[in-house]
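# Could you work out the structure for the sequence below:
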Amino acid sequence: IGADEMHKKGFWGEGIVMAVFDSGFSNADKQTYFKHLFENGQILDTYDFVMNEKSVFEDDDHGRMVLSCIAAYEKGKIVGTAPKAQFYLFRTEDASTEYMIEEYNWLAAAERADSLG
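Numbering: from 1, shown residues only. Take a look at the predicted model:
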């Protein structure tokens, strides 16, 4: 996708804010390749719309894998497309089910992301 060329031109995601909606970000807070996100305050907020709580780091890992494509950074090992962006992490999906409530969760997350700018 040309990420290496974007990086060579100085595009690392600075000034970009993204909201990631997924089924959970299991152990993302413990991965060395996300360390910079927590140290630099790049995780702006989290919310689990499935369980109605703040924490998103104990459920499914699909969101962590998606986030790694965007935000991972560990020199010589893994570099995402925009590791200097800021993020809202929202759990909207229950990986064990497929119910219409997930569409409502997604809508609530979209409204929240929109309200946050």
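# When you work out contacts or count neighbours from here on, use the C-alpha atoms and nothing else.
Noted.
# which stretches of this protein form helices?
Assigned by DSSP state H, the helices in the chain fall at 3-8, 35-39, 62-71, 101-115.
# So which of those helices is the most surrounded?
With neighbours taken as mean count of other C-alpha atoms under 10 Å, the helices of the chain reach their highest mean count in helix 62-71, at a mean of 20.
# show me where pLDDT drops low in the protein?
Along the chain, segments meeting pLDDT under 70 are nowhere present.
# which ones are touching Val50?
By C-alpha atoms under 8 Å, 6 or more residues apart in numbering, the contact list for Val50 reads 91-94, 102, 105.
# Please convert the residues you listed to JSON lines, extending it with distance to Pro83.
Below are the contacts of Val50 laid out as JSON lines (distance: C-alpha to C-alpha, whole Å):
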{"residue": "Arg91", "distance to Pro83": "20"}
{"residue": "Thr92", "distance to Pro83": "23"}
{"residue": "Glu93", "distance to Pro83": "24"}
{"residue": "Asp94", "distance to Pro83": "27"}
{"residue": "Glu102", "distance to Pro83": "28"}
{"residue": "Asn105", "distance to Pro83": "27"}
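# As CSV, the helices of the chain with distance to Ala19 would be great.
Converted to CSV, these look like this (distance: least, C-alpha to C-alpha, whole Å):
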stretch, distance to Ala19
helix 3-8, 20
helix 35-39, 14
helix 62-71, 10
helix 101-115, 6
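# Quick one: closest of these to Ala28.
Across the helices of the chain, the minimum distance to Ala28, taken as C-alpha to C-alpha, is reached by helix 62-71, at 5.7 Å.
# could you say what helices and strands the closest one packs with?
On a contact count with 3 or more C-alpha pairs under 8 Å, 6 or more residues apart in numbering; DSSP states H and E, helix 62-71 meets strand 17-22.
# Residues touching the strand it packs on, excluding its own?
Strand 17-22 is touched from outside by 62-63, 67, 85-93, 106, 109, 113, with contacts defined as C-alpha under 8 Å, 6+ apart.
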